[in-house]
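> need a structure here:
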Amino acid sequence: MGQWVLQIVSIVDLGRRNTHYKIMFKTIADSINHGFLDASTHSVIATDIAPSVTLTGVGHAKSCFPVAQFSQCAIGMAVSEIQQLRLQVWGDESIAVVNRELSAAWCQSSVSPIDWPLPASWDEFAGDYCCQDGWIRLHTNAVRHREAALKVLGNPTTKSAVAEAVSQWEGPALESAIVDNGGAAAFMMSREQWSHHEQGMAVAKEPVVLWENLTSDEKNLSSSLTNPERPLKGLRILDLTRVLAGPVCTRFLASLGAEVLRIDPPHWDEDSIALETTLGKRCAGLDLTQARDRSRFEELLTGADVIVHGYRRNALESLGFGDSVRRKLNPNLIDVALNAYGWSGPWTNRRGFDSLVQMSAGIAQSGQAAFSADKPIPLPYQALDHVTGYLMAATVVRAVREKLHSGRTLAARLSLARQATLLHELSGSVADKATDTIASDTLASVGDSHFQMGVEPTPWGELKRLYLPYEIEGVRLEFDHAVNRLRTSEPVWH
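Numbers count the residues shown, from 1 in each chain. Okay, here's the model as predicted:
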């Protein structure tokens, strides 16, 4: 312990000082437990949050939602599961610390480049545009999505021309046209509109974590967990995720020793955020439309302990690797998946990203109303992605614990849209808030002392990286693989 020293506030102390905060933490913990005992009816493993997680830091991000606390609590849940795993496997009790300022910082950028500029986070056409009846967001970072949106708009070549073209459309009609053409867009709705929308109603009925018992009585993993200092060492995780929640999940697991093998198709590019999303992982490429690569993928599935995937719900099915096929290839495979717009309802197969879900689910409109702004005001960072990612990590570790205890193999399903609903539930509507809870940025600044010693070399240039926002007594947190470009490793297990 001792990466950083800040004011320490225990969960119990926070509970006395901030009932809302305590409720938030407990609600997130309960969301992991909800349905778990139903999916694992004979389980007796602990489902309580470890009492020794300590939360540090004070202050708020500039938002009408308690977004910094939301992120910190989600990280705390993932950390708690590691504590419980170490207690279950090795009998080791440990304290842990999760820092709020660093939690918020890692949700934005964990790096400071040395004498070179970071790649742009957004494509030149991505952003919010005013249409005839409100606002719409276009997500154009992926080439296919950009081409799809621009084609619908008549192939404008400048952002101002895009804005002019968008202004001629009604928002819902443009959203539908872009989505139907293979693009990604979202018309801004209020929370009330979303709650009455068919997809919003479907998502509201879903649990934060949908657990499923896949059966199996095999307790063994591909390799025994033998090192309490690196508690996930030997765990093989097949990573089929992209921007951004899934990579956050597998990065957390990699920091604790898991072998994470990320697989991407030939066309996918993520250079703009690879410094964040590839840390600790080997990154390989396969084309699942080709027989040779399909055969290799089957071998990887057979040898994995966990698969984490974040493609649209029907994507793997369309490639011939749906749920039933994966289970046949590896009945012991823990399966954790993310979907943007939920697991039921008419939008379950819709392309989605954090910034789009914020528009659909009323978050951006709530910000606009709270700050009396003339445009959408989203969260200060993509918190839905990060919270979902850390909760996915928590479910992976919970499922590993259950596998070691009973042999049962579990699946877990999460979505960005359900985290948006959870954030609304935790925060209440803007109309119910006292004006002093619409906070300016009062988080402590992240300065030089928060960065690790030494320089980190990368294919893009040298950089400094922040300390991780979590520490666990007796655990060595580190990454076995440096950041790299996609498809630079062989698709094999080590």
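> going forward, measure contacts and count neighbours with C-alpha atoms only.
Fine.
> in this structure, where is pLDDT below threshold?
By pLDDT under 70, the low-scoring segments of the chain are 1-22, 37-51, 217, 428-439.
> what residues are up against the residue of the chain most remote from its centre?
What lies farthest from the middle of the chain is Q168; by CA atoms, centre = their mean that is 34.9 Å. Neighbouring residues of Q168 by CA atoms under 8 Å, 6 or more residues apart in numbering: C131, Q132.
> work out for me the element it sits within.
Using DSSP states H and E, Q168 falls within no helix or strand.
> likewise A254?
helix 245-255.
> right, and the helix or strand after that helix?
Next along the chain after helix 245-255, taking DSSP H and E as the criterion, comes strand 259-264.
> quick check: K281 touching V483?
Yes. K281 lies in contact with V483 (CA atoms under 8 Å); the separation is 7.4 Å.
> returning to what we had before: phi and psi next, for the residue farthest from the centre of the chain.
For Q168, the backbone dihedrals are phi -90, psi -10 (criterion: degrees, to the nearest 10).
> quick check: R294 vs D385, distance?
29 Å (CA to CA, to the nearest Å).
> before we move on, the earlier item: tell me what the helix holding A254 is packed against?
Other helices and strands packing on helix 245-255, by 3 or more CA pairs under 8 Å, 6 or more residues apart in numbering; DSSP states H and E, are strand 236-240, strand 259-264, helix 274-277, strand 306-309, helix 383-406.
> quick one: contacts of that helix?
Applying CA under 8 Å, 6+ apart, the contact partners of helix 245-255 are 232, 237, 239-241, 260, 277-281, 308-310, 338, 384-393, 477-480.
> just stretch 209-223 next, same as before
So stretch 209-223 is contacted by 31-32, 34-36, 39-40, 234-236, 303-305, 331-332, 403-414 (CA under 8 Å, 6+ apart).
> flag every buried residue along that stretch.
Neighbour counts using 16 or more other CA atoms under 10 Å place V209, L210, W211, E212, N213, L214, K219, L221 of stretch 209-223 among the buried residues.
> could you export those as a markdown table, including secondary structure and distance to G200?
Below are the buried residues of stretch 209-223 laid out as a markdown table (DSSP: H, G, I helix; E, B strand; the rest coil; distance: CA to CA, whole Å):
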| residue | secondary structure | distance to G200 |
| --- | --- | --- |
| V209 | coil | 17 |
| L210 | strand | 17 |
| W211 | strand | 21 |
| E212 | strand | 23 |
| N213 | strand | 26 |
| L214 | coil | 28 |
| K219 | coil | 39 |
| L221 | coil | 38 |
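> make JSON lines from those residues and add distance to K159 to it.
Shown next, in JSON lines, are those (distance: CA to CA, whole Å):
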{"residue": "V209", "distance to K159": "39"}
{"residue": "L210", "distance to K159": "40"}
{"residue": "W211", "distance to K159": "43"}
{"residue": "E212", "distance to K159": "45"}
{"residue": "N213", "distance to K159": "49"}
{"residue": "L214", "distance to K159": "48"}
{"residue": "K219", "distance to K159": "55"}
{"residue": "L221", "distance to K159": "51"}
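> and for the residue lying closest to W116 once chain neighbours are set aside, the neighbour number?
Closest residue in space to W116, ignoring its immediate chain neighbours: G461 at 7.0 Å, by CA to CA, 6 or more residues apart in numbering. G461: 13 surrounding residues under other CA atoms under 10 Å.
> and G461, how far from L275?
10 Å.
> can you pull out the helices in the stretch 301-450 of the chain?
In the stretch 301-450 of the chain, the helices defined using DSSP state H, counting those that start in this stretch lie at 315-318, 323-329, 354-360, 363-370, 383-406, 416-427.
> list the buried ones in the helix or strand harbouring R294?
Take DSSP H and E as the rule and R294 turns out to sit in helix 291-303. Of the residues in helix 291-303, R294, F297, E299, L300, L301, T302, G303 count as buried by neighbour count, 16+ other CA under 10 Å.
> over to stretch 374-393?
Residues 375-393 are the ones in stretch 374-393 that count as buried (16+ other CA under 10 Å).
> end-to-end on it?
Note: stretch 374-393 ends 37 Å apart using CA to CA.
> next: stretch 486-494.
18 Å.
> what sits up against that stretch?
Against stretch 486-494 from outside (CA under 8 Å, 6+ apart): 236, 261, 263-264, 269-270, 274, 278, 282-286, 296, 300, 303.
> kindly recompute the last result at 7 Å.
D264, R282, C283, A284, G285, L300 (CA atoms under 7 Å, 6 or more residues apart in numbering).
> distance to R327 added to these, as CSV?
As requested, the contacts of stretch 486-494 are exported to CSV (distance: CA to CA, whole Å):
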residue, distance to R327
D264, 21
R282, 24
C283, 24
A284, 23
G285, 22
L300, 13
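> from those, which would you call buried?
Neighbour-count burial within the contacts of stretch 486-494 applies to D264, R282, C283, A284, G285, L300; the criterion is 16+ other CA under 10 Å.
> report the separation between the last one and S224.
Think L300. Distance from L300 to S224, by CA to CA: 18 Å.
> repeat for the fifth one
Distance of G285 to S224, computed by CA to CA: 28 Å.
> name the nearest residue to F25, ignoring sequence neighbours.
Closest to F25 by CA to CA, 6+ apart is C73, at 5.6 Å.
> that's a strand at V98, yeah?
Yes. Per DSSP: H, G, I helix; E, B strand; the rest coil, V98 lies within a strand segment.
> any chance you could map the helices in the stretch 51-200 of the chain?
Secondary structure of the stretch 51-200 of the chain by DSSP H, counting those that start in this stretch: the helices cover 67-90, 100-106, 143-152, 159-166, 171-180, 191-196, 198-204.
> out of those helices, nearest to G352?
Nearest to G352, of all the helices of the stretch 51-200 of the chain, is helix 171-180, at 9.8 Å by CA to CA.
> ok, the closest residue to I363 other than its chain neighbours to C73 distance?
Spatial nearest neighbour of I363, chain neighbours left out: P378 (6.3 Å); criterion: CA to CA, 6+ apart. Distance from P378 to C73, counting by CA to CA: 20 Å.
> surely L414 is in contact with A340?
No. Contact criterion CA atoms under 7 Å: L414 and A340 do not qualify, at 8.5 Å.
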